[in-house]
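# give the three-dimensional model of this entry:
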Amino acid sequence: MNKGVIAAAVVAALAAGGGYWAGQKNSSLPHAEGPASMTADAGKKERKVLFYRNPMGLPDTSPTPKKDPMGMDYIPVYEGEQDDEPASANQIKISTEKIQKLGVRTEAATLRNLDKVIRAAGRIEPDERRTYAISPKFEGYVERLHVNVTGQPVGKGQPLFEVYSPELVSAQREYAIAAQGVESLKGADGSTQDGMRQLADSSLARLRNWDISEEQVKSLAKSGETRRTLTFRSPVNGIVTEKKAVQGMRFMPGEALYQVTDLSSVWAVADVFEQDIAWVKPGAKAKVKINAYPDKSFEGTISYVYPTLKAETRTIPVRIDLPNPNNQLKPGMFAQLELPTAAKGAVVTVPNSAVIDSGTRQIVLVQAREGRFEPRDVKLGARSDERIEVLDGVREGEQVVVAANFLIDAESNLKAAVGSFGHSSHGGAAAPEKPAATKVGHQAEGKVEEVDTKAGTVSVTHGPVASLKWPGMTMEFKAANEAILKQLKPGAAIDFEFVERGQGEWVITSVKLASQPAGKANPHAGH
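Residues are numbered from 1 along each chain as shown. Model (predicted):
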């Protein structure tokens, strides 16, 4: 009991002291801070209203108070609060929270050298300049084969086959008789000797025109004896790539009996796509990789760019000369080629992901300031593996959207903003255009079947989608961000909105559990 009385007395004393201190403090306020407070209140009352903005964030302002079609009052924007003004007609406004949910990321346009490596598929082919055909120039018969297997390596001068020809024997006999006549008429008059010498020379020229070797001609002139057969030899070191000769067969003049190819140097013929051909120059170095030798890289030189285009594949053949000293490169092998190109200098570039390409126009989203994005038509130039040159539309240092730009399109009706270029209203009241006409999202109801957090995908069985004329089905969607993915559990009934990011790739941009009462939802959330 005594302890309680003491505690009550202490509390009363503290309260009295605090009241006295507060009274002393307050008594001095009218003299020290009163005028400043009154000035601040006057300043607040004297703030100048610049205009009134649409309460739903639509690009509509008014110089006087008014209500929107739903009966909501327009919000006044005071001087110094320009950051809260709505986006102009050619800008997109997105809240900071929405930007974080969508995963929007920006990057500055920078000056860079576009060093590009062109990759193309190709094949190994023999060098046409190193291919030789052995074709007798007279009629005859194959008497004997020294090389009788296709693919057999041969050396220069190695015997390939022997032939017999009555014409050849007759021509040898004529030359032998003419040569003997020249010897026997050494003592005759000059005209007789000249006539016999001309006959011998014509017979010798006939033999040489039939590809009789010089060694055989000298032997014939020395001994005067004709040979029944003639031996054909390989003109180069190489591989027998074709053999039509069969022992005992008859052949006609000009018929190719053997083909020998020198494979010490081969060609790699690559099919380069049409849009990359301007980067390819003869004389440039190229790297070639073969599947058979994954640990090796062969280097060659671009020797020729063919003048014709293959209409079926829209590619142009490019020829690379490759040394092949060990015959590792076999004709017919598939090859992967890398053709490095030289940059033309520093140019303004943006990442490839920053460009929204509709086929007829290319657009880049430029961040005007926090939460404001301006779509711009751009003129594009050369491309590298990761970046693209911007010839017009973006300046160096400007921030461009490089991630989730397609979601900004879906979230803020980019098509409507782009379509209103040049029609922005400067403070005047304008009736809102029909947003439904440019809506790009699709709504559906469904049930979650499976969620793959690693791949960021969800399988949903949904009902009919009227905007796409789809029947009910089960299909896979991608989630726009992790926040959406965390809301989805197998078996949950959901109402969701989705867009098409690419060909056949559908992305869920917003989701609401169907168990939530519809009456509690924000009636203005659709704006």
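
# would you map the strands across the stretch 51-200 of the chain?
Secondary structure of the stretch 51-200 of the chain by DSSP state E, counting those that start in this stretch: the strands cover 61-62, 75-78, 92-93, 105-108, 110-113, 117-126, 131-134, 140-145, 153-154, 159-164.

# pick the most buried one from those.
strand 92-93 (a mean of 21; mean count of other CB atoms under 10 Å). For glycine as for every other residue, the C-beta is placed from the backbone atoms N, C-alpha and C.

# pLDDT of that strand, averaged?
Averaging pLDDT along strand 92-93 gives 76.

# packing partners of it?
Contacts defined by 3 or more CB pairs under 8 Å, 6 or more residues apart in numbering; DSSP states H and E place strand 92-93 against strand 372-377, helix 405-412.

# would you single out the least confident of these?
Looking at the helices and strands packed on strand 92-93, the weakest mean confidence is helix 405-412, a mean of 61.

# wait, which of the strands of the stretch 51-200 of the chain is closest to A268?
With respect to A268, and counting by CB to CB, the nearest of those is strand 117-126 at 5.1 Å.

# so what strands line up beside the closest one?
Counting by DSSP bridges, the strands paired with strand 117-126 are strand 265-273 (antiparallel), strand 334-340 (antiparallel).

# what's the following helix or strand after the shortest one?
Per DSSP states H and E, strand 334-340 leads on to strand 346-351 as the next helix or strand towards the C-terminus.

# which parts of that next one are buried?
Neighbour counts over strand 346-351 (16 or more other CB atoms under 10 Å) mark V347, V348, T349, V350, P351 as buried.

# and those as CSV, adding distance to A335 and pLDDT?
Formatted as CSV, the buried residues of strand 346-351 follow (distance: CB to CB, whole Å; pLDDT from 0 to 100):
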residue, distance to A335, pLDDT
V347, 32, 87
V348, 36, 90
T349, 31, 90
V350, 33, 91
P351, 30, 90
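
# could you measure V448 against T461, distance?
Shown here: V448 relative to T461, a distance of 8 Å by CB to CB, to the nearest Å.

# so where is the stretch 301-450 of the chain shaky, pLDDT-wise?
Scanning the stretch 301-450 of the chain with the threshold set as pLDDT under 70 gives 342-343, 405-440.

# which one of the strands of the stretch 51-200 of the chain lies nearest to L329?
For L329, the closest of these is strand 117-126, at 5.1 Å, according to CB to CB.

# do you know how far L337 is from S170?
For L337, the distance to S170 - CB to CB - is 55 Å.

# and the two? Which one has more around it.
The residue with more neighbours, out of L337 and S170, is L337; 23 against 11, by other CB atoms under 10 Å.

# specify the beta-bridge partners of the more buried one.
A120, V288.

# which ones are touching it?
R119, A120, A121, G122, A268, A270, A286, K287, V288, K289, I320 (CB atoms under 8 Å, 6 or more residues apart in numbering).

# quick one: the helices in the stretch 101-250 of the chain?
According to DSSP state H, counting those that start in this stretch, the stretch 101-250 of the chain carries its helices in the segments 166-184, 190-209, 214-223.

# out of the buried residues of strand 346-351, which comes closest to V499?
Each of the buried residues of strand 346-351 was scored against V499 by CB to CB, and P351 proved nearest at 21.3 Å.

# from W279, how far off is the nearest residue in space to the closest one that is not next to it in sequence?
Once flanking residues are discounted, P351 sits nearest to V402: 4.7 Å by CB to CB, 6 or more residues apart in numbering. Note on V402: its distance to W279, by CB to CB, is 24 Å.

# reformat the helices of the stretch 101-250 of the chain as TSV; add distance to I494 and mean pLDDT.
Compiled in TSV, the helices of the stretch 101-250 of the chain are given as follows (distance: least, CB to CB, whole Å; pLDDT from 0 to 100):
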stretch	distance to I494	mean pLDDT
helix 166-184	92	80
helix 190-209	90	79
helix 214-223	92	71
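
# export the ones you listed to TSV and tack on distance to N481?
Shown next, in TSV, are these (distance: least, CB to CB, whole Å):
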stretch	distance to N481
helix 166-184	87
helix 190-209	83
helix 214-223	84
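
# sounds good, over and out.
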